[in-house]
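A.B. asks: when you get a sec, could you give me coordinates for this:
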Amino acid sequence: MIHFVKQVGLLGILCFLCACQSGRQQEAGSIVPTDGLKTIAVQVEEGMFEHLGDYLYADSYVCLDTVPLLGDIEKVEIKDDRIYVLDAFNKIVCYDMQGKALFVLDAQGGGPGEYASVTDFTVNAGRQESLVYDRDKKVLLFYHPHTGQFLRSEPFSKPVPGALAAWQDTYFYDSRSHDSYPDDTSLHYSLLVSDDGTTVTRRYFPHVEAESAWRFTVTAHPFSYNDSVLYYCKNYDYIVYALSADSVWGAFDIRLPNPLPASKVEDKADERDLVKSAWSMGIEQVFVCDGLLYFTFTKDGFWQSALYDLSRGKQIYCGRRMSDKEGKSVPLFRMIDGVYRQRFWGILSPDALAYEQEHRPAGLPDGLKNYHPETGNHVIAFYKVRKAGQ
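C.D. replies: This is a model prediction of the structure:
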């Protein structure tokens with residue numbers, strides 16, 4: 001599982017809270033239409049799904065260069081035929097699509113172009129810049145996405161985003177709390193949009209006080225890159241929104257079983273108990289490829305993965321784990337972490353590959369049979385949707 005480090009997320013909120021929030025939004029901030037929502041209803045199944053090969057097959061594997069050696073992966077973006085990886089040691093490595101390291105951005109320090117830590121990063125391919133947010137220094141740092149060359153820095157004391165995304169030459173910030181700037185009501189919104197990265201030009205979803213005051217991270221990764229759209233699922237919500245440079249609209253209304261009630265948020269329930277509870281929470285990793293919808297959430301103390309057929313309006317599977325025990329057409333699969341050029345992709349860690357070598361060596365693809373987990377880096381697996389007759 002990608003270390004994208006999935007903090008325990010939650011979800012849920014009852015319909016009346018969503019309606020209340022939508023009404024507030026029309027008074028301030030930009031209006032978000034939801035009349036085109038597609039309802040996705042899922043139910044958690046028992047047991048392991050063992051027919052993944054009926055729907056996906058492994059297209060290729062990209063072994064990332066062994067130098068530099070990566071720590072746990074925090075985030076990956078694939079844009080403009082380049083793979084950008086942020087690891088736990090605050091370095092960003094750019095690879096080509098064959099896994100060759102092109103440059104390393106490892107700029108911890110106190111000087112110009114250096115950061116104390118990387119809170120998050122994103123690549124704006126259209127503007128030809130990579131953006132790093134340093135919460136410790138309260139600064140935005142801009143680098144060239146093809147070379148890693150430092151371009152400029154800008155002070156950014158507020159808002160305090162928890163996640164960044166770039167889409168259609170535009171920057172998006174997920175902002176969950178405003179306690180460090182309580183009087184600046186222009187920034188009391190969950191989604192903030194900037195054309196240049198520094199000036200907020202549009203805002204969506206006014207903060208609900210109970211949600212903003214509770215620091216329990218519900219949806220750890222609110223932005224999901226797809227081939228033609230950027231999806232967003234804000235904290236404590238079950239509606240997935242589609243983002244463009246100048247608009248936001250509702251895409252999916254995901255009906256999870258036993259969703260977390262609003263009262264749990266308002267009462268600030270014990271987080272450890274919620275993690276282990278039967279409440280469904282934390283929609284994220286929302287990806288669509290060739291008519292298949294994939295997303296994750298938490299329930300019963302486990303990550304649940306859902307695969308849904310949009311054309312038939314039917315659940316394929318929703319549960320703790322998906323594998324391909326029978327067909328072996330997807331010999332290596334952990335989770336889906338993105339979509340790029342009409343293929344799902346996912347991260348395979350050295351530990352995951354070591355496990356496969358020990359327990360299922362016959363199922364390893366030829367290109368990975370000589371992989372060395374002790375010295376190797378992560379592998380990115382690409383999966384295509386299986387068409388009828390394939």
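
A.B. asks: would you mind measuring from residue 252 to residue 227?
C.D. replies: According to CB to CB, to the nearest Å, residue 252 and residue 227 sit 16 Å apart. Glycine gets a C-beta too; all of them are placed from N, C-alpha and C.

A.B. asks: and the two? Which one has more around it.
C.D. replies: Neighbours per residue, other CB atoms under 10 Å: of residue 252 and residue 227, the larger number sits with residue 252, 23 against 13.

A.B. asks: setting aside sequence neighbours, what's the nearest residue to that one?
C.D. replies: residue 240 (4.1 Å; CB to CB, 6 or more residues apart in numbering).

A.B. asks: what do you get for residue 81?
C.D. replies: Leaving out its chain neighbours, the residue that sits closest to residue 81 by CB to CB, 6+ apart is residue 97, at 5.3 Å.

A.B. asks: try residue 153
C.D. replies: residue 141 (4.8 Å).

A.B. asks: name the SS class of that neighbour, please.
C.D. replies: strand (DSSP: H, G, I helix; E, B strand; the rest coil).

A.B. asks: which stretches of the protein have low pLDDT?
C.D. replies: 1-28, 327, 388-390 (pLDDT under 70).

A.B. asks: tell me which stretches of it form helices.
C.D. replies: Here the chain has its helices, by DSSP state H, at 15-27, 209-213, 262-266, 271-276, 350-359.

A.B. asks: from the chain's centroid, how far away is the second one?
C.D. replies: Think helix 209-213. On the basis of CA atoms, centre = their mean, to the nearest Å, helix 209-213 sits 22 Å off its chain's mean C-alpha point.

A.B. asks: that helix packs against which elements?
C.D. replies: helix 262-266 (3 or more CB pairs under 8 Å, 6 or more residues apart in numbering; DSSP states H and E).

A.B. asks: off-centre distance for the helix it packs on?
C.D. replies: 24 Å.

A.B. asks: same check on stretch 140-150?
C.D. replies: 22 Å.

A.B. asks: buried residues in that stretch?
C.D. replies: 140-143, 145, 148, 150 (16 or more other CB atoms under 10 Å).

A.B. asks: same check on stretch 286-306?
C.D. replies: Those would be 286-290, 292-299, 303-306, for stretch 286-306 by 16+ other CB under 10 Å.

A.B. asks: try stretch 249-258
C.D. replies: 250-254, 256.

A.B. asks: sorry, back to before: the buried residues of stretch 286-306 in strands, which ones?
C.D. replies: Within the buried residues of stretch 286-306, residues falling in strands by DSSP state E are 286-289, 292-299, 303-306.

A.B. asks: now the most centrally placed residue in the chain: closest residue in space that isn't a chain neighbour?
C.D. replies: The centre of the chain sits closest to residue 221, judged by CA atoms, centre = their mean, with a distance of 4.1 Å. Spatial nearest neighbour of residue 221, excluding adjacent residues (CB to CB, 6+ apart): residue 284 at 4.7 Å.

A.B. asks: also residue 161?
C.D. replies: residue 173 (3.8 Å).

A.B. asks: picking up where we left off before, of the buried residues of stretch 140-150, which is the nearest to residue 84?
C.D. replies: Within those, distances to residue 84 taken as CB to CB reach their minimum at residue 145, with 7.7 Å.

A.B. asks: in the stretch 51-200 of the chain, which spans are strands?
C.D. replies: In the stretch 51-200 of the chain, strands defined by DSSP state E, counting those that start in this stretch lie at 56-63, 73-79, 82-87, 92-96, 101-105, 120-124, 129-134, 139-143, 150-155, 163-167, 170-174, 189-194, 200-206, listed in chain order.

A.B. asks: any idea how far the last one is from the chain center?
C.D. replies: In other words, strand 200-206. Counting by CA atoms, centre = their mean, strand 200-206 comes out at 20 Å from the chain centroid.

A.B. asks: who does residue 381 bridge with?
C.D. replies: Beta-bridge partners for residue 381, by DSSP bridges, are residue 61, residue 346.

A.B. asks: so what's the closest residue to residue 303 other than its chain neighbours bridging to?
C.D. replies: Leaving out its chain neighbours, the residue that sits closest to residue 303 by CB to CB, 6+ apart is residue 296, at 5.7 Å. Beta-bridge pairing for residue 296 (DSSP bridges): residue 284, residue 305.
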